[in-house]
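>>> Below is the sequence, then the predicted model.
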Amino acid sequence: MVIKIIAVGKLKEKYLREAFSEYEKRLSAFCRLTVDEVEQEKLPDEPSEKEINKALETEAERILAKIPAGSYVIPMCIEGKQFSSEKFSELIARETANGKNTFVFIIGGSCGLSERVKQKADFRLSMSEMTFPHRLARIMLAEQLYRAFAIINNRKYHK
């Protein structure tokens, strides 16, 4: 199984890279995890809606070019469905049983994702009604993926 995370922006802080690396290492027992970072468009301090939309469209081009054909595409967005860890693991197990072996998770930048990216979704996922930094979302997603595989494989990690 392949899990691909397409993320807008880079993890610049060492402590965030280390946290992600820990889950990347743990996930290697269950899947091949890859991360494609796409450049985040620069915006002024107080961008107009037009400037934001233009930036999101530019980022969308970069994102869409990285989605492999036949993937199960899951953009992370506020209007997505929220799941418990158990339900998230059920989604992965069900789609794997249905023949999907590549899952693509998309994490937008601070302004979110273009509607064009969201339209490519097989499923839209929201982590929470709360707002989190998009850099932290990558780590949270990796942890939940590890937890999902632990549940699927009856490991003790999930309590």
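Right, received. Where do you want to start?
>>> contacts and neighbour counts: CA atoms only from here.
Fine.
>>> what's near enough to touch C111?
Shown in contact with C111 (C-alpha atoms under 8 Å, 6 or more residues apart in numbering): I52, L56.
>>> where does this protein dip in pLDDT?
Applying pLDDT under 70 to the chain picks out residues 158-159.
>>> Find the residue at the geometric middle of it.
The centroid of the chain falls nearest to F105 when counting by C-alpha atoms, centre = their mean (3.4 Å).
>>> would it count as being in a strand?
Yes - judged by DSSP: H, G, I helix; E, B strand; the rest coil, F105 forms part of a strand.
>>> Walking through the chain, point out its strands one by one.
Secondary structure of the chain (DSSP state E): strands at 2-8, 32-38, 72-81, 102-107, 125.
>>> Identify whichever of the ones you listed lies nearest to P47.
strand 2-8 (17.9 Å; C-alpha to C-alpha).
>>> who's in contact with that closest one?
31-40, 59, 63, 66, 101-109, 138.
>>> Show the buried residues in those residues.
Neighbour counting over the contacts of strand 2-8 (16 or more other C-alpha atoms under 10 Å) leaves 31, 33, 36-38, 40, 59, 63, 101-109, 138 as the buried ones.
>>> how about the helices in this protein?
Assigned by DSSP state H, the helices in the chain fall at 14-27, 49-64, 85-97, 115-119, 134-152.
>>> Highest mean neighbour count across those helices, which stretch is it?
Compared across the helices of the chain, helix 134-152 shows the largest average neighbour count, a mean of 20 (mean count of other C-alpha atoms under 10 Å).
>>> packing partners for that helix?
Where contact means 3 or more C-alpha pairs under 8 Å, 6 or more residues apart in numbering; DSSP states H and E, helix 134-152 is packed against helix 14-27, helix 85-97, strand 102-107.
>>> what angle sits between the longest one and strand 2-8?
Interaxial angle, helix 14-27 versus strand 2-8 (axes from the mean of the first three to the mean of the last three C-alpha atoms, to 10 degrees): 160 degrees.
>>> just the last one next, same as before
Strand 102-107 runs at 20 degrees relative to strand 2-8, counting by the same axes, to 10 degrees.
>>> Show me what strand 102-107 is packed up against.
Contacts defined by 3+ C-alpha pairs under 8 Å, 6+ apart place strand 102-107 against strand 2-8, strand 72-81, helix 134-152.
>>> To K14, which of these lies closest?
Nearest of the helices and strands packed on strand 102-107 (C-alpha to C-alpha): helix 134-152, 11.9 Å.
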